[in-house]
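Asker: could you work out the structure for the sequence below:
(one chain, ligands or ions: 1)
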Amino acid sequence: MPTQLILALDVPDRETARPLLRQLDGSLSWVKIGLQMFTAHGPDWVREVSDMGFKIFLDLKLHDIPNTVAKAVESLSVLPIHMLTLHTLGGRDMMAAAVQAQQTTKPDLQLLGVTVLTSMDAAALTAIGCGNDPATQVSRLAQLGIDAGMSGFVCSPLEVGQLHADLPTNTQLVTPGVRPVGADKGDQSRVTTPADAARAGSTHIVVGRPIYKAPDPAAAARSILSELSLA
Ligand SMILES: O=c1ccn([C@@H]2O[C@H](COP(=O)(O)O)[C@@H](O)[C@H]2O)c(=O)[nH]1
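Answerer: Sure thing, here's the model as predicted:
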């Protein structure tokens, strides 16, 4: 399966998002709804984007005690979503409780564990008391997630090769931290190009600002898709 492109739709409101989605309809299958739009517009927005024909990656990065996360997964299971994130840092029991809730309520939902945020570099990990470099920490958290029954992970494309080698072959490896050559990195630290992410084995790449801030978002998306198809 070729690497899929997911648009991170981090815009302030529906009035901004709707025309963007209409422009991108036809070239894109996946839209990521994250904290900004979900806190503003909630489940109704998820249903609206799904009704437009997009597959939904709901990126809420759940992180709480096991019972609370499991109940949140149950509540979210009524929504038309295909992927949902939680933080692997919540630990094995939290992930296992989430997996159990997902299997009972929505067996086709992919639960993805966020490993080390792509905005963090080695110094940022040291500052929170983690002695591992990002690659070692990503591998450790992903292995914990596999033990808990998780179906995939969010990491930087820089770690995908190692995870590919270490994890079961059907593991979804979803990578933000992707920038076309010359694009502004913004607050991202661990980045590569779409082509390099595809060659490393990302199953999906997540791209936001380089598309929705581009003068022509549809052209920006087409260019990334073409880069993925040639990789
Ligand atoms: O480690 C992570 C986890 C999630 N994200 C999300 O991906 C997008 C990236 O947007 P860009 O504008 O392309 O930087 C954004 O929604 C993040 O919340 C991430 O970047 N890193």
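Asker: so where do the strands sit in this protein?
Answerer: Secondary structure of the chain (DSSP state E): strands at 4-8, 30-33, 55-62, 83-87, 110-114, 152-154, 172-175, 204-207.
Asker: which elements pack onto the fifth one?
Answerer: What it means is strand 110-114. Applying 3 or more CB pairs under 8 Å, 6 or more residues apart in numbering; DSSP states H and E, one finds that strand 110-114 makes contact with strand 83-87, helix 92-105, helix 134-148, strand 152-154, strand 172-175. No exception for glycine: its C-beta is placed from N, CA and C like everyone else's.
Asker: now do 6 Å
Answerer: strand 83-87, strand 152-154 (3 or more CB pairs under 6 Å, 6 or more residues apart in numbering; DSSP states H and E).
Asker: what about these, which gets the closest to the ligand?
Answerer: The ligand lies closest to strand 152-154 among those, at 5.0 Å (CB to the nearest ligand atom).
Asker: pLDDT averaged over the closest one, what's the number?
Answerer: Strand 152-154 shows a mean pLDDT of 98.
Asker: neighbours around G90, how many?
Answerer: 23 (other CB atoms under 10 Å).
Asker: that one contacts L62, doesn't it?
Answerer: No - using CB atoms under 6 Å, G90 makes no contact with L62, being 7.5 Å away.
Asker: which parts of the protein sit against the ligand?
Answerer: Contact residues, the chain versus the ligand (CB under 6 Å from any ligand atom): 8, 10, 34, 114, 117-118, 154, 176-177, 186, 188, 206-209.
Asker: tally of neighbours for whatever residue of the chain ends up closest to the ligand?
Answerer: Across the chain, the shortest distance to the ligand (CB to the nearest ligand atom) belongs to G208, at 2.7 Å. The number of residues packed near G208 is 19, by other CB under 10 Å.
Asker: got the contact list for it?
Answerer: G208 is in contact with A8, D10, counting by CB atoms under 6 Å, 6 or more residues apart in numbering.
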